[in-house]
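A.B. asks: The sequence and its predicted three-dimensional model are supplied below.
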Amino acid sequence: TKTLIIADGAQISASTESTQGGEIFLQGLDSLELSKATISASSLDGEAGDIIIKAKDFVNILNGSKITSEARGTGKAGFIDINTKNLNIADASVISVNSQQQAGDLLVTADNVTINNLSKVTAETVSGVSGHIQFKNLQTFQLSRESLISATTVDGEAGDITINATDEVKIQQDSKIISG
């Protein structure tokens, strides 16, 4: 089996100050599990790198873990693409493509997605264009226990959020989907 476990403060990071950030590819896996861990592609004033994850069976992002492509200054956030059968984001974990000026896009291709217990999926910006969030080819989607999906901006253009599921979509227990 091809399992990658990133845990207990471990990080995979590609960062830059003002140029094109590095990309992170995690492909050919059966499963990926993050627990109290981070995968990050970041930039200050450049363009943050992309993160591509392909795991056949499941991706679990647990216990405050983060997968982020973010630009903290005037740069542009990168793209996150997750392709797996089952995606589970739980216990205050985060997937984000945030920026001050131009957020990135997030694409999840999966059979089943569960976002639970204060977890977040965000494409947010302060003054520019918010990114788009797309969940496609799903059978089931569940957002619960005060979790959030957000493609928002303070003073710019909000992104789109698309959830394409054939069997069931549940949004419950004070969870929210916000674009605006």
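C.D. replies: Great, that's in hand.

A.B. asks: Double-check residue 116 against residue 146; I have them as touching.
C.D. replies: No. Counting by CB atoms under 8 Å, residue 116 does not reach residue 146; the two are 9.4 Å apart. Bear in mind the C-beta positions are built from the backbone N, C-alpha and C, glycine included.

A.B. asks: residue closest to the middle of the protein?
C.D. replies: The structure's the chain has its C-alpha centroid closest to residue 95; by CA atoms, centre = their mean the separation is 2.8 Å.

A.B. asks: That one sits in which helix or strand?
C.D. replies: If you go by DSSP states H and E, residue 95 is part of strand 94-96.

A.B. asks: Please identify which of residue 116 and residue 146 sits among more neighbours.
C.D. replies: residue 116 (20 against 15; other CB atoms under 10 Å).

A.B. asks: Leaving out the residues flanking it, which one is nearest to the more buried one?
C.D. replies: residue 90 (4.5 Å; CB to CB, 6 or more residues apart in numbering).

A.B. asks: Show the contacting residues for the one you found.
C.D. replies: Residues near residue 90 by CB atoms under 8 Å, 6 or more residues apart in numbering: 60, 61, 62, 63, 114, 115, 116, 117, 119.
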